[in-house]
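Engineer: Predicted model follows, preceded by the sequence.
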Amino acid sequence: MVAVAMAVAMAAVSSAHTATQQLSDLIGTVIRRGPDSVVPAHLSVVLGLSRIERATPVKQAVMRDRAMVRTFNVCTAKHDNVVFITYNEETKISKAYLVSPGGVLRKAVAYRAAAPATERPLDEAASDFAGEIKFWMDFQHLAGSK
């Protein structure tokens with residue numbers, strides 16, 4: 001019984017380490033190859049990237065799937081700040097997630113086009129964030145296998 005529990009614990013740690021390494025690899029790739037972009041001024045303040053309303057420079061990866069546009073943003077001044085943004089062109093709703101390099105959700109917000117962003121409780125954002133981090137990990141896995 002103890003051996004089984006130990007094996008499960010080791011597998012969980014290994015899986016977490018692999019996901020963290022994949023995210024770290026993707027961050028490095030985006031920093032090296034991603035085009036310059038910005039996180040908009042108001043969103044930068046709401047996410048805590050800036051204390052004053054100014055755009056935050058980032059390196060970015062962009063993926064489009066029909067009406068869904070996803071961006072993976074790494075702040076150029078502080079690579080520890082990673083921002084995932086999803087934008088649904090049909091509903092005009094965006095969701096943004098401030099993420100640590102280890103894949104930990106630090107802050108989540110939602111907003112409609114031309115409206116202010118509002119912070120979401122982390123427990124409310126957890127399920128859709130899990131889908132976003134899985135999307136980027138799958139992307140990294142596919143990109144790394146080429």
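Structural biologist: Now that the structure is in, tell me what you want to look at.

Engineer: Please enumerate the helices of this structure.
Structural biologist: 2-33, 41-47, 122-144 (DSSP state H).

Engineer: what ranges of this protein fall below the confidence cut-off?
Structural biologist: 1-20, 141-146 (pLDDT under 70).

Engineer: again, 50 this time
Structural biologist: Within the chain, the stretches with pLDDT under 50 are 1-17, 145-146.

Engineer: May I ask you to name the longest strand in this protein?
Structural biologist: Using DSSP state E to define each element, the chain has its longest strand at strand 56-65.

Engineer: Please point out which parts of that one sit buried.
Structural biologist: Within strand 56-65, the residues that count as buried by 16 or more other Cβ atoms under 10 Å are T56, V58, K59, Q60, A61. Yep, even glycine has a C-beta here, placed from its N, CA and C like the rest.

Engineer: ok, I133 touching G103?
Structural biologist: Yes. The criterion here is Cβ atoms under 8 Å, and I133 meets it with G103 at 5.8 Å.
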